[in-house]
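Peer 1: sequence plus the predicted model coming up.
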Amino acid sequence: MSILLGSIADDYTGASDLANTLTKNGLSTVQTVGIPDPSLPLPDVDAVVVSLKIRSVVADEAVVAASRAEQWLRDRGAAHVLYKICSTFDSTDAGNIGPVTEALRDAAGGGVVLVTPAFPETGRTVYLGHLFVNGQPLDESPLKDHPLNPMRDANLMRVLARQSRGPIGLIDLATVATGPAAVRARIEALRAEGATAAIADAIFERDLEILGEALLDAPVSTGASGLGLGLARALVGSGRVPSRVDTTADAVRPVGGHAAVVAGSCSSATLRQLAIAEQAMPVLRLDPERLLTAAPDEISAALSWAGERMETGPIIIAASTTPDAVSDLQSRYGREISGRAIEAATATIAAELVARGVRRLIVAGGETSGATVDRLGIPAFLIGPEIAPGVPVLRTIGNSQGEMLMALKSGNFGGDDFFATALAMMR
Ligand SMILES: Nc1ncnc2c1ncn2[C@@H]1O[C@H](COP(=O)(O)OP(=O)(O)O)[C@@H](O)[C@H]1O
Ligand SMILES: O=C(O)[C@@H](O)C(=O)COP(=O)(O)O
């Protein structure tokens, strides 16, 4: 297998988001979970997205994991490696976007890495280095209350500088609008000034197309799905992509079995989607405190609730709650401890549901999805059709339970009726 584009994603929902964008924009793509075992049969594709669960781990660990994935991708022919981060730049001051970006830069021989989380289709735009989420500055958006990475600064040059060794530059919108040659010239000028990375402005998809073209011969970049869109369109436009058969319809072939949703995301979009779903299907709200203090009992109560209902239709089990309730729990048990314990409990519930015949599974939340996919031991996914921007139907490859259909929903993605729409596409 020789690939054109490699990507390392810092979480699993983000990986499926990028794989969806690359597929939609002309690159056949497979999503692996970590570096796959050599015996795993992977299709011949243009792009591979290696999913890692490194968004909230210590930087050194993230750098080691990302560097191994990069080597694996380069060994398979990837001339460009995109480090896929969250479109809302989820990270802390001790976060991994800076350290991983600089490690990939060093491995590629230095230079300035272009960084942009812009993803206009989901309302993420960058202007003068500041990130806006659906028109609100990042620090005024719901991301200010994220349970693990509360984002309290919209100035990405400042955010990235706090995580980086080298100075951070800006590729402003006027430069981007001038075209790929101007972007490359700006990168050269920043390199001469000693910058290691630069935030690039982008508001419209045409800005991302220009950035993609500017990066065609660059070895590395850091960004969200919008940059993936730019790179994919540039690769297709340059004639470097062989024409292949569209496999998304095949990836969604029915699998039967029961259907379930497990939610650990406390993002505002997920909370709205749960409230809407509650009007039409059974929803069990877990007691988050009991998941910390009496997990086995709370889990087995959830499983017997599910057992009575899932024969007759899809069910939802959610730990999700409001920002106030999250901070109350965190103040009593600690942020890290409560997050990880709830992830472990939701992953156990998902795995037990699969053991009881669920074959169509939707997971809401990035960390929650990572914990669940790891618990199920799924090595890779084929990419099916898009449910909502950033969320495709996935078909598992190589897992012991047999083929399943899944969706890994980033907390903030999807319309109000996301769960009903997704379930209707997964038969
Ligand atoms: N009721 C709750 N109280 C505190 N933390 C919670 C609760 N429910 C879920 N969590 C934790 O919040 C985090 C949500 O992160 P994640 O799954 O990545 O969702 P998102 O995609 O919305 O960011 C997880 O660590 C999860 O375990
Ligand atoms: O880029 C994005 O916004 C998503 O792909 C993503 O990574 C979101 O993260 P979670 O909300 O933690 O799933």
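Peer 2: Everything's here; your move. Ligands and ions are numbered 1, 2, ... in the order given.
Peer 1: and the residue of the chain nearest ligand 2?
Peer 2: Here the residue of the chain nearest ligand 2 is Gly366; by Cβ to the nearest ligand atom that distance is 2.4 Å. Every residue, glycine included, has its C-beta placed from N, CA and C.
Peer 1: surely that residue meets Asp11?
Peer 2: Yes - using Cβ atoms under 8 Å, Gly366 is in contact with Asp11, at 4.2 Å.
Peer 1: mutual contacts of the two, please.
Peer 2: Taking Cβ atoms under 8 Å, 6 or more residues apart in numbering as the criterion, Gly366 and Asp11 both touch 55, 86.
Peer 1: these two: which has the busier surroundings?
Peer 2: Ranked by neighbour count (other Cβ atoms under 10 Å), Gly366 and Asp11 place Gly366 first, with 30 against 25.
Peer 1: the more buried one: what's it in contact with?
Peer 2: 11-14, 55, 86, 90, 265, 408, 410-411.
Peer 1: how close does Gly129 get to Glu102?
Peer 2: 18 Å (Cβ to Cβ, to the nearest Å).
Peer 1: any stretches of this structure with poor pLDDT?
Peer 2: Within the chain, the stretches falling below the threshold (pLDDT under 70) are 1.
Peer 1: for it, which helix is longest?
Peer 2: Longest among the helix segments of the chain by residue count, using DSSP state H, is helix 335-355.
Peer 1: what are the phi and psi angles of the closest residue to Leu423 other than its chain neighbours?
Peer 2: In space, and not counting its chain neighbours, Leu423 is closest to Pro314: 5.1 Å by Cβ to Cβ, 6 or more residues apart in numbering. Note on Pro314: backbone dihedrals following degrees, to the nearest 10 are phi -60, psi 150.
Peer 1: pop the domain breakdown of this protein in here.
Peer 2: 5-237, 253-378+386-425 (automatic domain parsing).
Peer 1: what about these, which gets the closest to ligand 1?
Peer 2: Of all those, it is domain 253-378+386-425 that lies closest to ligand 1, at 1.9 Å by Cβ to the nearest ligand atom.
Peer 1: check whether that closest one contacts ligand 1.
Peer 2: Yes - against ligand 1, domain 253-378+386-425 shows contacts by Cβ under 6 Å from any ligand atom at 264-267, 270, 288, 319-321, 326, 329, 338-339, 342-343, 365-368, 410-411.
Peer 1: with stretch 54-63 instead?
Peer 2: No - applying Cβ under 6 Å from any ligand atom, one finds stretch 54-63 separated from ligand 1 by no less than 7.8 Å.
Peer 1: compute the first-to-last residue distance for that stretch.
Peer 2: 9 Å (Cα to Cα, to the nearest Å).
Peer 1: returning to that earlier point: is ligand 2 within reach of the longest helix of the chain?
Peer 2: No - against ligand 2, helix 335-355 shows no contacts by Cβ under 6 Å from any ligand atom, the least distance being 11.3 Å.
Peer 1: and the helix or strand following that helix, how far out from the chain middle?
Peer 2: Using DSSP states H and E, the next helix or strand after helix 335-355 towards the C-terminus is strand 358-364. Mean-position distance between strand 358-364 and its chain equals 17 Å (Cα atoms, centre = their mean, to the nearest Å).
Peer 1: the inter-axis angle of the next helix or strand along the chain from strand 358-364 versus strand 358-364?
Peer 2: Counting by DSSP H and E, the element after strand 358-364 in chain order, helix or strand, is helix 366-376. With axes from the mean of the first three to the mean of the last three Cα atoms, to 10 degrees defining the directions, helix 366-376 sits at 150 degrees from strand 358-364.
Peer 1: need the contact list for Ala66.
Peer 2: Shown in contact with Ala66 (Cβ under 8 Å, 6+ apart): 8, 52, 54, 83, 96, 100, 103-104.
Peer 1: what about 7 Å?
Peer 2: 8, 52, 54, 83, 100, 103-104 (Cβ atoms under 7 Å, 6 or more residues apart in numbering).
Peer 1: highest neighbour count among these?
Peer 2: Counting by other Cβ under 10 Å, top hit in these: Ile8 with 30 neighbours.
Peer 1: got the contact list for that one?
Peer 2: Neighbour list for Ile8: 50, 52, 66, 69-70, 81, 83-84 [criterion: Cβ under 7 Å, 6+ apart].
Peer 1: repeat the analysis, applying 8 Å as the threshold.
Peer 2: Shown in contact with Ile8 (Cβ under 8 Å, 6+ apart): 49-50, 52, 66, 69-70, 73, 81-84, 100.
Peer 1: how far away is it from Lys53?
Peer 2: 12 Å.
Peer 1: now Ser267
Peer 2: Note on Ser267: its distance to Lys53, by Cβ to Cβ, is 18 Å.
Peer 1: what does Arg395 give?
Peer 2: Counting by Cβ to Cβ, the gap from Arg395 to Lys53 is 21 Å.
Peer 1: cool, and Arg124?
Peer 2: In terms of Cβ to Cβ, Arg124 sits 22 Å off from Lys53.
Peer 1: doesn't Leu143 fall inside a strand?
Peer 2: No - secondary structure of Leu143 (DSSP: H, G, I helix; E, B strand; the rest coil): helix, not part of a strand.
Peer 1: I'd say it and Pro150 touch.
Peer 2: Yes - Leu143 lies in contact with Pro150 (Cβ under 8 Å); the separation is 7.4 Å.
Peer 1: neighbour-wise, which of the two wins?
Peer 2: Neighbours per residue, other Cβ under 10 Å: of Leu143 and Pro150, the larger number sits with Leu143, 24 against 15.
Peer 1: in contact with that one, which residues?
Peer 2: Residues in contact with Leu143, defined by Cβ under 8 Å, 6+ apart, are 88, 90, 133, 149-151, 412.
Peer 1: cutoff 6 Å now
Peer 2: Neighbouring residues of Leu143 by Cβ atoms under 6 Å, 6 or more residues apart in numbering: 88, 151.
Peer 1: cool, and Leu40?
Peer 2: 379, 398.
Peer 1: element containing it, please.
Peer 2: For Leu40, there is no host helix or strand (DSSP H and E).
Peer 1: distance of it from Leu143?
Peer 2: Leu40 is 35 Å from Leu143, by Cβ to Cβ.
Peer 1: same question, Thr421
Peer 2: 24 Å.
Peer 1: the longest helix of the chain packs against which elements?
Peer 2: strand 258-263, helix 288-293, helix 295-309, helix 366-376 (3 or more Cβ pairs under 6 Å, 6 or more residues apart in numbering; DSSP states H and E).
Peer 1: next secondary structure element downstream of the last one?
Peer 2: Counting by DSSP H and E, the element after helix 366-376 in chain order, helix or strand, is strand 380-388.
Peer 1: tell me the angle that following strand makes with strand 358-364.
Peer 2: 60 degrees.
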